[in-house]
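Peer 1: 3D, please:
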Amino acid sequence: MRTPPVRASGTPSTYGPPAQDRLWADAWFAIAEGLARAGSAEQAWAVLVASQEDQEPFDEDDRAASRIVDLLTGAGAADRLEGLLSASTGASPRTVAAGFAALARHFADRDTARCLRLLDQAQQVRDAEGAAAYSNRDERLAVFAGALARAGRAEEAERLVATIGSPDVRAWAYAAVSVASADTDAQAALHCVRQAARVTRMSQDGWVRENTATAIVQAWARSASADRLGEAVEQIAGELSGDSMSHRARALAAEGLWAHAPEATERLFDAFLAHMDHSLVPEAAHFLAAALPHDPVRGSRVMEFLLGLSYPRGFQPDEDRALFCLLTATTDSAAARHTLERLVQKRESGIDRGPATVLALVCAALRESEAAHAMALDSTAGEEERSETLAHLAAYAAGAPGPSVPTRPMAEPRDCAHSALRLATLLFPPPAGPDLLHARELLAQALTRDGWHHALPVLAAVDPAAVLRTRDVVFAHLGLGD
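Peer 2: Presented below is the predicted three-dimensional model:
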């Protein structure tokens, strides 16, 4: 086999393989694999980089970098590899980011702080490529602030929020910290929601506006005094466009209102019950998840509504059908399993490749754990979607859904994955009780370059010490000393 030209220093020449010669590129990669098995980190990485020099960005394959990282780590060269990644100038940002992410996976179950530091480096490299980088990083810092507050560090979380540049994401982050700390530090929660309300929001993006306003509603509902709750909730809900968004904000508010103002909660429920139809299934799921632990009568009314819905022919979304499986299983297990089987087959056939999280949760709740895990690892899904599904399955396994985490600023506002998680946990809790070992295994798989922020809220509930260790790394990186 012909070998690539090599300089005296031992690194390949700058002449990469011709773009049209895929076999030649494969030959270079085979050489990189051999060097990696032998633990030759510098040479293996240099050959990999050279093999990709003439490829178009869309031709690059993250799996190549991941494979070389796996082999080098297995050969005991993880520390040398990390240094190479940090100093790598010839590799594309995508390849370097993939390298950091693959290296992070090897430390997920034994050095969480290092794992998350490597994931942060992967994200920084990725952010440098795109125009939306600043917003992406802001959003991830905001999610981390919420996890830090849930781990009992509301004051430090607030310091982190103050570093976020985007006003809208900063407002969302203050609200997330308020929601996360409401049950343990009422004073901090009230202070943070006031901070969120004071921020002048500027985004023209509809999802960002909806999700930020809704997060503030949730925060007021969980933290404010009863005489301010109704006014604040109605005022901010009035900013939202359309009935469904307003109902969603009120449903999420109801979850936190019960402890402070049960009468106000009942009014929110009754107003929604008067308007329910098939277009409001995600909002009804939010109301049902909020009602079941507190008000069985209203919960039953929402359940009856959902199970009695009729749709125009062919109109029913698969996410709605998956939710109905969960509810139907409370009275007719055979019918629920029949519908679930058809939904899984439909997804496996490629007919439907929509979000998998709700369907995977229903599989887990109905004791189809292998199907749930396979769906979470679906190779046709994006890395972020896989991480989101794995994180929700980890929360279910741990029996720790927690309060509804505010929907991230740039996410689909009508997402009902967390409601599905809460309903699965309430209606069909794990039969042997919380399985923290399995939850940690799922979280280790969720800690990927693009999706690690989905794992953080669950990690804060399952292993808060890991979040606190990571705090040291993040604060040092941002210059936020003690």
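
Peer 1: after the helix or strand of the chain with the lowest mean pLDDT comes which helix or strand?
Peer 2: Within the chain, no helix or strand scores below helix 226-237, which has a mean of 62 by mean pLDDT, DSSP states H and E. Moving toward the C-terminus from helix 226-237, the next helix or strand (DSSP states H and E) is helix 243-257.

Peer 1: elements contacting that next one?
Peer 2: Applying 3 or more Cβ pairs under 8 Å, 6 or more residues apart in numbering; DSSP states H and E, one finds that helix 243-257 contacts helix 206-223, helix 226-237, helix 262-273, helix 281-291. Every C-beta, even on glycine, is put in place using the N, C-alpha and C of the backbone.

Peer 1: worst average pLDDT in these?
Peer 2: Lowest mean pLDDT of the helices and strands packed on helix 243-257: helix 226-237, a mean of 62.

Peer 1: now render the helices and strands packed on helix 243-257 as a markdown table, adding distance to residue 100 and mean neighbour count.
Peer 2: As requested, the helices and strands packed on helix 243-257 are exported to a markdown table (distance: least, Cβ to Cβ, whole Å; neighbours: other Cβ atoms under 10 Å):
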| stretch | distance to residue 100 | mean neighbour count |
| --- | --- | --- |
| helix 206-223 | 28 | 26 |
| helix 226-237 | 39 | 17 |
| helix 262-273 | 45 | 17 |
| helix 281-291 | 36 | 26 |
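
Peer 1: nearest to residue 388, out of these?
Peer 2: For residue 388, the closest of these is helix 206-223, at 15.3 Å, according to Cβ to Cβ.

Peer 1: remind me what the closest one packs against, helices and strands.
Peer 2: When contacts are defined as 3+ Cβ pairs under 8 Å, 6+ apart, helix 206-223 packs onto helix 167-181, helix 186-198, helix 226-237, helix 243-257.

Peer 1: before we move on, back to that, using CSV, lay out the helices and strands packed on helix 243-257 together with distance to residue 97.
Peer 2: Shown next, in CSV, are the helices and strands packed on helix 243-257 (distance: least, Cβ to Cβ, whole Å):
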stretch, distance to residue 97
helix 206-223, 25
helix 226-237, 37
helix 262-273, 44
helix 281-291, 33
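
Peer 1: near residue 382, how many other residues are there?
Peer 2: Here the number of neighbours of residue 382 (other Cβ atoms under 10 Å) works out to 11.

Peer 1: one more: residue 370?
Peer 2: By the criterion of other Cβ under 10 Å, residue 370 has 10 neighbours.

Peer 1: how about residue 49?
Peer 2: When counting by other Cβ under 10 Å, one arrives at 25 neighbours for residue 49.

Peer 1: what does residue 202 give?
Peer 2: Residue 202 has 11 neighbouring residues, counting by other Cβ under 10 Å.

Peer 1: repeat for residue 86
Peer 2: For residue 86, the tally of surrounding residues (other Cβ under 10 Å) stands at 11.

Peer 1: over to residue 299?
Peer 2: 19.

Peer 1: sorry, back to before: quick one, which of the helices and strands packed on helix 243-257 is nearest to residue 334?
Peer 2: Closest approach to residue 334 among those (Cβ to Cβ): helix 281-291, 22.6 Å.

Peer 1: okay, angle between that closest one and helix 243-257 too, please.
Peer 2: For helix 281-291 against helix 243-257, the angle by axes from the mean of the first three to the mean of the last three Cα atoms, to 10 degrees is 10 degrees.

Peer 1: for helix 281-291, packing partners?
Peer 2: Packing partners of helix 281-291 (3+ Cβ pairs under 8 Å, 6+ apart): helix 243-257, helix 262-273, helix 296-307, helix 318-328, helix 417-427.

Peer 1: now these as CSV including distance to residue 281?
Peer 2: Output for the helices and strands packed on helix 281-291, formatted as CSV (distance: least, Cβ to Cβ, whole Å):
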stretch, distance to residue 281
helix 243-257, 10
helix 262-273, 12
helix 296-307, 7
helix 318-328, 5
helix 417-427, 10
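
Peer 1: so which of these gets nearest residue 443?
Peer 2: helix 417-427 (14.4 Å).

Peer 1: so what secondary structure elements neighbour the closest one?
Peer 2: helix 281-291, helix 318-328, helix 357-365, helix 383-398.

Peer 1: grab the nearest non-local neighbour of residue 271.
Peer 2: Closest residue to residue 271 apart from its sequence neighbours, by Cβ to Cβ, 6 or more residues apart in numbering: residue 250 at 7.4 Å.

Peer 1: wait, isn't that neighbour in contact with residue 273?
Peer 2: No. Residue 250 lies out of contact with residue 273 (Cβ atoms under 8 Å); the separation is 11.7 Å.

Peer 1: touching, residue 397 and residue 431? I think so.
Peer 2: No. Taking Cβ under 8 Å as the definition, residue 397 is not a contact partner of residue 431, at 11.6 Å.

Peer 1: these two: which has the busier surroundings?
Peer 2: When residue 397 and residue 431 are compared for neighbours, residue 397 comes out ahead with 24 against 6, by other Cβ under 10 Å.

Peer 1: tell me how far that one lies from residue 253.
Peer 2: Taking Cβ to Cβ, to the nearest Å as the measure, residue 397 falls 29 Å from residue 253.
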